[in-house]
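Student: I would like to see how this sequence folds:
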Amino acid sequence: MDIKQIVEKLSEIAVVKQNSAKEYEIITAAKINGKTPIRIYLTTNGDVCNLSDKKNTLKYMNNIYELASTDVKNCISAVVRLYGFAVKAGELVATLKDAAYAAEIFYNFIICVGQLANMLVFFDQPV
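Tutor: Presented below is the predicted three-dimensional model:
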């Protein structure tokens, strides 16, 4: 997968800034709870391109939830699995397999981050 194809698609819906030859930052107005900007990064490693939050979502959540709690872990897993994404070493990751679906996956990534950040609606009080 060519990262330039994905950058071209995402540039139609957001500002894409190149950080290095293998990393771009995607800048949107999306925020968690209207305050914390959602930072999304497009990275490439060989033929694999990923969207990543660089651990920002779980860092944010760590201030609200007890991330070691079984209930919280299960909820995180369920939300991430719903979108077909993964959490790798605390980093939310979405693999892009086709540039044609880059915008759809990008929007789902934002929705996923929002659902994770607002999981407290599923609990009586923050865990």
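Student: so residue 37 sits right up against residue 30, yeah?
Tutor: Yes - contact criterion C-beta atoms under 8 Å: residue 37 and residue 30 qualify, at 7.4 Å. The way it works is simple: take the backbone N, C-alpha and C, and place the C-beta from them, glycine included.
Student: who's more crowded, these two?
Tutor: Between residue 37 and residue 30, counting by other C-beta atoms under 10 Å, residue 30 is the more crowded of the two (18 against 12).
Student: who touches the more buried one in this structure?
Tutor: 37-38, 110, 113-114 (C-beta atoms under 8 Å, 6 or more residues apart in numbering).
Student: If you rank those by neighbours, which is first?
Tutor: Counting neighbours by other C-beta under 10 Å, residue 113 comes out on top of those with 25 neighbours.
Student: So residue 122 sits against residue 75, correct?
Tutor: Yes - counting by C-beta under 8 Å, residue 122 does reach residue 75; the two are 6.2 Å apart.
Student: Could you check which of those two is surrounded by more residues?
Tutor: residue 75 (19 against 13).
Student: That one contacts residue 117, correct?
Tutor: No - Residue 75 is beyond contact range of residue 117, at 11.8 Å (criterion: C-beta under 8 Å).
Student: residue ranges for the strands of this protein, please.
Tutor: 15-20, 23-27, 31-32, 36-37, 40-45, 48-52, 86-88, 91-96 (DSSP state E).
Student: quick one: buried residues of stretch 90-110?
Tutor: 91-94, 96, 99, 102, 105-106, 108-110 (16 or more other C-beta atoms under 10 Å).
Student: among these, which two are most distant?
Tutor: Among the buried residues of stretch 90-110, the pair separated by the greatest distance (C-beta to C-beta) is 91 and 99, at 22.0 Å.
Student: what angle separates the top helix by length along the chain from strand 40-45?
Tutor: Secondary structure of the chain per DSSP state H: the longest helix is helix 102-117. Here the directions of helix 102-117 and strand 40-45 differ by 120 degrees (axes from the mean of the first three to the mean of the last three C-alpha atoms, to 10 degrees).
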